[in-house]
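# Predicted model, plus sequence, below.
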Amino acid sequence: MGQYNELVEKQRKLLEAEKWAKKVKYILGDPNGFKIEYNDGSYTLETPSGEMIKTEPTLTPDECVTRMNEEKADADRARY
């Protein structure tokens, strides 16, 4: 069963990255409306007229894994 360890680990990281990608990166409010950007690069913009504009993710799943790992490393580094 050891031959599947790498595949299982890769899939686990992809699933974790999918959850991470949907989390809010930041919220910005200005005269043009409210912008909510997510970790995957997508965003939702609510204009003053109430119109909702949504974009598609700009990061691939593999890029999300890389960014998520970088964020974890930065957090670990800041802790010590």
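Good, I have the coordinates.

# where do the helices sit along the chain?
Ranges of helices in the chain, per DSSP state H, are 5-21, 61-79.

# how about a markdown table for those, with mean pLDDT and distance to Gly41 added?
Where you see a C-beta, it was placed from the backbone N, CA and C, and this is true even at glycine. Output for these, formatted as a markdown table (pLDDT from 0 to 100; distance: least, CB to CB, whole Å):
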| stretch | mean pLDDT | distance to Gly41 |
| --- | --- | --- |
| helix 5-21 | 93 | 9 |
| helix 61-79 | 90 | 9 |
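
# Which of the ones you listed sits closest to Thr44?
helix 5-21 (14.1 Å; CB to CB).

# Would you mark the buried spots in that closest one?
Buried residues in helix 5-21, counted by 16 or more other CB atoms under 10 Å: 13, 17, 20-21.

# Check those residues and tell me the two furthest apart.
Lys13 and Ala21 (12.1 Å).

# before we move on, back to that, any chance of CSV for the helices of the chain, columns distance to Ser42?
Output for these, formatted as CSV (distance: least, CB to CB, whole Å):
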stretch, distance to Ser42
helix 5-21, 8
helix 61-79, 11
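
# so what's Gly33 bridging to?
The bridge-partner assignment for Gly33, based on DSSP bridges, gives Asp30.

# Would you mind stating the distance between it and Lys25?
17 Å (CB to CB, to the nearest Å).

# Redo the buried residues of helix 5-21 as a markdown table? Include distance to Glu6.
Converted to a markdown table, the buried residues of helix 5-21 look like this (distance: CB to CB, whole Å):
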| residue | distance to Glu6 |
| --- | --- |
| Lys13 | 11 |
| Ala17 | 16 |
| Trp20 | 21 |
| Ala21 | 22 |
